[in-house]
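Chemist: predicted model and sequence below, questions to follow.
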Amino acid sequence: MILTTERLYSAILDGMAKDWAVDQAERVGRELKRLRGRRSGQWLSDRTADLGYRVPRTTISELENGKRKYVSTAELAILARALDTAPVALLYPPPYQGGIEVLPGQSSTSWSAAEWFSGMSDGAERVALADDVEAYARNLAPLRAAARISGLTTRKQRLMDAIVGADEAVQAAMLDAINGVQDDIDRLTDAAG
């Protein structure tokens, strides 16, 4: 069988994509092993079962030994919870200044990849991972608004906690600040709605 240039190029790209997917599973496996430490694979499997979705010990072993060529999002989420970390930290582990293939044929730092994956990047790397920067910003606006609302809600709660026991003048100023924060929350909620 003679391969045309187009078929050869397609085969190369398919191989790159498979290698990229395998690299992801291997990264997750190495990080599982590091975070698990001296605890057994059975411990981790039991921990995932306690959380409601067992990842079999054999799957954990295959990931850690590079024999498993993929990891599902369900496995990624439950393993991260079992190890008290974030799924993105399993997928894009430290060192964060190190290079990583974030998408087939596209390199980035592990930190930029984690920012992109979480949708919380405002850096230049984000642009390289979006064909339509305006659509990217529009599509992520609700996520970013939710992050701002969460921060404002935390700030409001701290102000409310601090108001207890303060003198009347301070309480009045804090109530104004609380109302201002609530106005910001309401505006963001309406805009994201």
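Modeler: Thanks, I have it. Residues are numbered from 1 along each chain as shown.

Chemist: so the residue nearest to residue 189 when sequence neighbours are not counted, which state does it fall into?
Modeler: Nearest residue to residue 189, sequence neighbours excluded (C-beta to C-beta, 6 or more residues apart in numbering): residue 149, at 6.4 Å. From N, CA and C alone the C-beta is placed, and that goes for glycine too. Following DSSP: H, G, I helix; E, B strand; the rest coil, we place residue 149 in the helix state.

Chemist: where exactly do the strands run in the chain?
Modeler: Taking DSSP state E, the strands of the chain run over residues 99-103, 106-109.

Chemist: how distant is the first one from the center of its chain?
Modeler: Computed by C-alpha atoms, centre = their mean, to the nearest Å, the chain-centroid distance of strand 99-103 equals 15 Å.

Chemist: quick check: neighbours of that strand in the sheet, parallel or antiparallel?
Modeler: Next to strand 99-103 in the sheet, as set by DSSP bridges, lie strand 106-109 (antiparallel).

Chemist: now residue 120. Its backbone dihedrals?
Modeler: According to degrees, to the nearest 10, the main-chain angles of residue 120 amount to phi -110, psi 10.

Chemist: that one: how many residues sit nearby?
Modeler: By other C-beta atoms under 10 Å, 14 other residues sit near residue 120.

Chemist: ok, now which ones touch residue 54?
Modeler: By C-beta atoms under 8 Å, 6 or more residues apart in numbering, the residues touching residue 54 are 45, 48.

Chemist: ok, it to residue 29 distance?
Modeler: Taking C-beta to C-beta, to the nearest Å as the measure, residue 54 falls 18 Å from residue 29.

Chemist: what number of residues lie near residue 72?
Modeler: 10.

Chemist: what's near enough to touch it?
Modeler: Residues counted as contacts of residue 72 (C-beta under 8 Å, 6+ apart): none.

Chemist: how confident was the prediction at it?
Modeler: Looking at residue 72, its pLDDT stands at 96.

Chemist: same question for residue 113.
Modeler: So residue 113 comes in at 88 (pLDDT).

Chemist: now it: how far from residue 96?
Modeler: 9 Å.

Chemist: which one of those two is surrounded by more residues?
Modeler: residue 113 (24 against 15).

Chemist: residues touching the residue nearest the centre of the chain, list them.
Modeler: In the chain, the residue lying closest to the centroid (C-alpha atoms, centre = their mean) is residue 88, at 3.4 Å. Taking C-beta under 8 Å, 6+ apart, we find residue 88 in contact with 114, 117-118.

Chemist: can you turn the buried part of those residues into a PyMOL selection?
Modeler: Entered in PyMOL, the line below selects the buried ones among the contacts of residue 88, by 16 or more other C-beta atoms under 10 Å:
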select buried, resi 114
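
Chemist: can you put the contacts of residue 88 in JSON lines and add distance to residue 60?
Modeler: What follows is the contacts of residue 88, written out as JSON lines (distance: C-beta to C-beta, whole Å):
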{"residue": "114", "distance to residue 60": "22"}
{"residue": "117", "distance to residue 60": "22"}
{"residue": "118", "distance to residue 60": "24"}
